[in-house]
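S.K.: Predicted model follows, preceded by the sequence.
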Amino acid sequence: MLCMPKGLSFRTQRDSRTPQFHSFLITREDGSRTYGFVHTFYEEVTSPQICSAMQTLHQMHQAEHNASAHNCPSSSSSSSSSSSSSMDSLASSLDEVESPSSTSSSQGGRRSCGCSGEGYDSVRDTLYVSKAMCLITPMPFMHACKRFLSQIHRAVISHQPPPLPLESYIYNILYEVPLPPPGRSLKFHGVYEPILCQRPGVGELPLADFPLGEAFRLLGVENLVQLFTCVLLEMQILLYSQDYQRLMVVAEGITTLLFPFQWQHVYVPILPASLLHFLDAPVPYLMGLQSKEGTDRSKLELPQEANLCFVDVDNHCIELPEDFPQFPNKTEFIQELSEVLLSYGLCPEGGNTSPEPAVSTQTSMLEKELKSTSLSELVDDRRNGNLGGEALDMLELLQGNPTLERLQALAKRTGVKVARLETLAAGQKAVRDESAGGRSPVEEEELRNAKLNVQLREVFAARFATMFADYESFVIQNSPDLESWLTNREQMHNFDKASFLSDQPEPYLPFLSHFIETQMFATFIDNKIMSQWEEKEPLLRVFDGRIEKARLYNVRAPSLRSSVYQKCTFLKESAQAIEQRLRKIDHTAIHPHLLDMKIGQGKYQQGFFPKLQADVLASGPTNNKWSNRTCSTQRRVDRHRQQNEHLVLDNDLKEKYMQEARNLGKNLRQPKLSDLSPAVIAQTNWKFVEGLLKECKMKTKRMLVEKMGREAVELGHGEANITGLEENTLIASLCDLLERIWSHGLQVKQGKSALWSHLLHYQAREEKNEMLSESPVSNAQERRKPESSVGLPALRVSVIQDMRHIQNMGEIKTDVGRARAWIRLSLEKKLLSQHLKQLLSNQALTKKLYKRYAFLRCEEEKEQFLFHLLSLNAVDYFCFTSVFTTIMIPYRAVIIPIKKLSNAMTTSNPWLCVSGELGDSGILQITKNVLEMTFDSAFRPHTHISIAFKRQNLGKLTTVQLGHDNSGLLAKWLVDCVMVRNEITGHTYKFPCGRWLGKGVDDGSLERVLIGEFVVPCNDDDGGRGAKTPPLQRSPSQIRRISITSLTGRGNKPTTVQIQESIGEAVNNIIKHFHKPEKERGSLTVLLCGEGGLVWALEQFFHHGFRSARIFQKNVFVWDFYERIVAFMENADQIGDLQEIPEPLGPNCESFCRYVNAINNMPRNIGKDGKFQLLVCLGARDRLLPQWLPLLAECPVITRMYEENALLRDKLTVSSLVGVLETLSDFPITLETSFTKSVEL
């Protein structure tokens, strides 16, 4: 199944029969891998019965093809799926080899016969069948295995028989060639030439023999880095190519570059035809799929594409998923990789140019030379010191006897030649020259590829060493022993993700926030924790060594956080280590030799692979003298002990792997897909269902714990910090999970998003039912009750309604994007579980779209899944509003006057301006005297003014400016509050007012800036007011607000202690705001002007002991006190009272007067309380409040306007307050334009 993934292939003499090489791997349950290397060639079929059967089958295929010439042929697809019957695979194999010219001449149908239109004739044509030689190894020695298999095949097709029977070479590599020890190189012999292999040392990158240069050539640097990023983020990766070896090269190359991480999911670089149902797996995978020549990519039906990275290797292109974060420093990273490739003569953009043709030419020339000398070289193995006994004695006699040496020199001068001795001496000199550096072109090319491999890998490893240089500081190790850690593994936090992200450069965050959520990163951290009790995992040991070495060389200081790109510093060192091993061979394996075989069996016949003697190859040697001759004499003394240990270990491993290899055929005989019953398929997919449910549970729990913050910490669930970026990552991960769930068990793939396809089917059915019944779609569905009793119309709770909102968003162009937007909208509205339940309630539609074993048709698991999603309603998300910032959103604003009708009417022209975190609506003029009346559930009448408008997304709403032009007879207007609702998300904000707008009443304000609070919908039967929850920026322990008007009456007033505590808490909340990550901060306006804010706290301070008695029926405000101070200071020079003001307060007096006058002179009429609020905000922004406060306390005006026990007249209290306000000077306070508009300073 893996040696011949598509089964047997047949050719005729007219077809190409070039031998092919490919590799595969088998991953065991414990994660270990076994590599297989396959050399496929064609051998003539000599059986007349088989040839006759092939001709009959071909004629049947041709007749069926002609009968369906204008239809899509089905015979080839059915025949190509067989991997055991030659009959079944003839037609498909003949289809595969047809040329483009023959395809184009077949009038729209595919020809079934090779390169000729004559068809197959058993008399005229010679039939060939594919055969494969496979070598299975525990480590990926690809080049060595490829050369060995190629030499075996050359021996089969050669005109001359090989020097020894093939069993000798096969026996030698199975039992007598050990694995090279770590950090050593090994030479062993094939049929015609020696073969080299090497193994990295303990501190080097692991062995990787697949040519990375070929992977870069096939894809180009840009595409390969993008593919590398997709693999790191554990997306679904599908490689697509006609060539099996290309699939393997790209897959192994990309997983090799993951160091120090490892791919943890499904890994099938070559997907056999009988396992195509694996593509239906709703889990991350990396698979390779063979394409047929001329196959259109658009016709390839894949179960899911929302999270799929599709790599067309042959056409050098890649299709990426949406919402794809870029790898950190991608541009500089690509530049460094390009420099490495250019230094080896490779084009960074990739393409068809490759140094391989030149190498193959050199190889063929070298092979001709070696062929003529191979026999003598194998008899007299001078390189290995294996000279014949007589010749060796003669040479030693010559070299060790001075007399004979002088005689030889004399004979040479007189013209007498001693040919045999000169030949021997020249051979020994050649051996010495080779050991000093002389190498064949093939060996030089292998060295070049090995150096390129390791340098490219070092560049990738250096990036991880830079990004995770201090990862160990964030590993949480709180278990006393391994057993307790394993027991509580799933409930424990092993890595401080929030602190790690907060410690990284800003450009790295989009990628890192996704990557630290992957399984490969979690496994890496688990291995780190377990290393305190067990031996370190090899990759981890090497990586930690790299980091420690970088610290010693001060490449990066632990406290330094910079996004400046740092190039790899190990390129030259790593290449030198490879070159040293391959130029100076450490070990030489035993030479192939004659075996104790039966004479007459395995007779050589050119072009036909002989039947090997199984009994000879069944077991290895028990005590063989050859095993002692494994290294040269020069190194035998000092390495004898180390070598023996390695040989014993490697022989044991080799025996183990050989036993596994012999049993491999039994394990790989899996049933064809056509033989699988529904019960077997259901059993196969049951693990997928359980895995998806478990993943859903873990993701929803993680989202809840992170969102609950401090409350979760008190319950013992982990850290309180979660940044907006990490929250967005978790939600994107939830979207990926839902796509995989909806892709599992699909009957027919439609579109790239399975979820959106299901929604469209549901929408079509519901709209059809709507037309038939002529009733609204949502009549049978629940409606959301009004948010409050103020006349806001109810919003529909409807899957279809939310779909229409998404479909009206022109900014989203793809089905995947629409599905994710719908998920985010439903989650923000706390309707995700309800919507999905409604969607799945149509069981007829679900049965039509999904197979029986699909996740969505497992009732119990589906209910648990919806329950887990329902738990997300416990927290508030703004994942739709914060992501789609440029879309147009309809809003509805309702102005609610005080219930008394006479106060509700105004003859002036009112206006409104709504502001949010992303912008403001601009001035909205409101038609005057357009009062609407509604009734609540108790039939109480309510009047209001309603206005609808559409603006680009304003984000979370913060303030509302409300005013009028004071025209007409009834220009005074008493407003209770303003309600504003986002008509898509349903989020409603209440902006309390409770004040008059009009001259001559209250503080004379014609315009007020109102601070908003988010309203949580309630389901009380009275339909009453929505329950309020404090904004995310507030602390839940704040004092309930006391209105300014109540301060002038005889109501309860706050004590001095309460006032001081409220100021301290307000300042503390602002400081906390700036210590949070920028994406998490929220609105500063609420902290300044909202309930419990700085303005409210200072209002209480200035009203304490304030003489606010009515003078001529007019209230006295704090702003009146400020104006009198300004008047006093401006007139101080004229009345001679300047001496009463201390000299250092001069500049402070000037700034205070300038700010008060600027506020008084602005064209806006915001009232005296509004002016006080603006002055406090400007003073906080410009760091002037601590300077103004002593000035106000020491001005003589205070004695006339404040009582003796007022806090403002207490010097100790004022000094303490100045110290508190000075802490705000370290932070950049910015104000919304709704506050600072028209103020000229």
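M.R.: Perfect, I can see it now.

S.K.: use CA for all of it now, contacts and neighbours both
M.R.: Will do.

S.K.: All the strands of the stretch 951-1100 of the chain, residue numbers only.
M.R.: 957-964, 973-982, 988-997, 1007-1011, 1013-1016, 1027-1028 (DSSP state E, counting those that start in this stretch).

S.K.: Check these for me and report the most buried one.
M.R.: Each of those was scored by mean neighbour count; the highest is strand 957-964, a mean of 25, by mean count of other CA atoms under 10 Å.

S.K.: tell me the angle of that strand relative to strand 973-982?
M.R.: Computed with axes from the mean of the first three to the mean of the last three CA atoms, to 10 degrees, the direction of strand 957-964 lies at 140 degrees from that of strand 973-982.

S.K.: which ones are touching the nearest residue to Q838 once chain neighbours are set aside?
M.R.: The spatial neighbour of Q838 that comes closest, neighbours along the chain excluded (CA to CA, 6 or more residues apart in numbering), is V799 at 7.6 Å. Contact analysis of V799 by CA atoms under 8 Å, 6 or more residues apart in numbering lists 835, 838-839.

S.K.: wait, which of those residues is closest to G955?
M.R.: Nearest to G955 among the contacts of V799 is H835, at 24.0 Å by CA to CA.

S.K.: Give me the residues contacting the helix or strand hosting the closest one.
M.R.: If you go by DSSP states H and E, H835 is part of helix 832-840. Residues outside helix 832-840 that contact it (CA under 8 Å, 6+ apart) are 759, 762, 798-799, 823, 826, 846, 856, 866-867, 869-870.

S.K.: Could you measure from G7 over to S274?
M.R.: Applying CA to CA, to the nearest Å, the value for G7 to S274 is 10 Å.

S.K.: neighbours of L456, just the number please.
M.R.: Neighbour count of L456, defined by other CA atoms under 10 Å: 21.

S.K.: Thought S338 was touching it, still the case?
M.R.: No - when contacts are counted by CA atoms under 8 Å, L456 is not listed as touching S338 (9.7 Å).

S.K.: Kindly reformat the contacts of V799 as a markdown table containing neighbour count, pLDDT and distance to H316.
M.R.: As requested, the contacts of V799 are exported to a markdown table (neighbours: other CA atoms under 10 Å; pLDDT from 0 to 100; distance: CA to CA, whole Å):
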| residue | neighbour count | pLDDT | distance to H316 |
| --- | --- | --- | --- |
| H835 | 20 | 93 | 41 |
| Q838 | 14 | 91 | 44 |
| L839 | 19 | 91 | 40 |
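
S.K.: which of these lies closest to L279?
M.R.: Compare each of the contacts of V799 with L279 using CA to CA and the shortest gap goes to L839, at 25.4 Å.

S.K.: just the contacts of helix 832-840: which has the poorest pLDDT?
M.R.: For the contacts of helix 832-840, the model is least confident at S798; its pLDDT is 85.

S.K.: Show the subsequent helix or strand relative to the one helix or strand in the chain whose mean pLDDT sits lowest.
M.R.: Taking all helices and strands of the chain together, the one with the lowest average confidence (mean pLDDT, DSSP states H and E) is helix 100-104, at a mean of 36. Stepping forward along the backbone from helix 100-104, the first helix or strand reached (DSSP H and E) is strand 127-137.

S.K.: quick one: contacts of the helix or strand following that next one?
M.R.: Beyond strand 127-137 in the direction of the C-terminus, DSSP H and E gives the next helix or strand as helix 142-157. Around helix 142-157, the neighbours that count as contacts under CA under 8 Å, 6+ apart are 21, 37-39, 133-135, 161-162, 166, 190-192, 195-197, 209-210, 446, 604-609.
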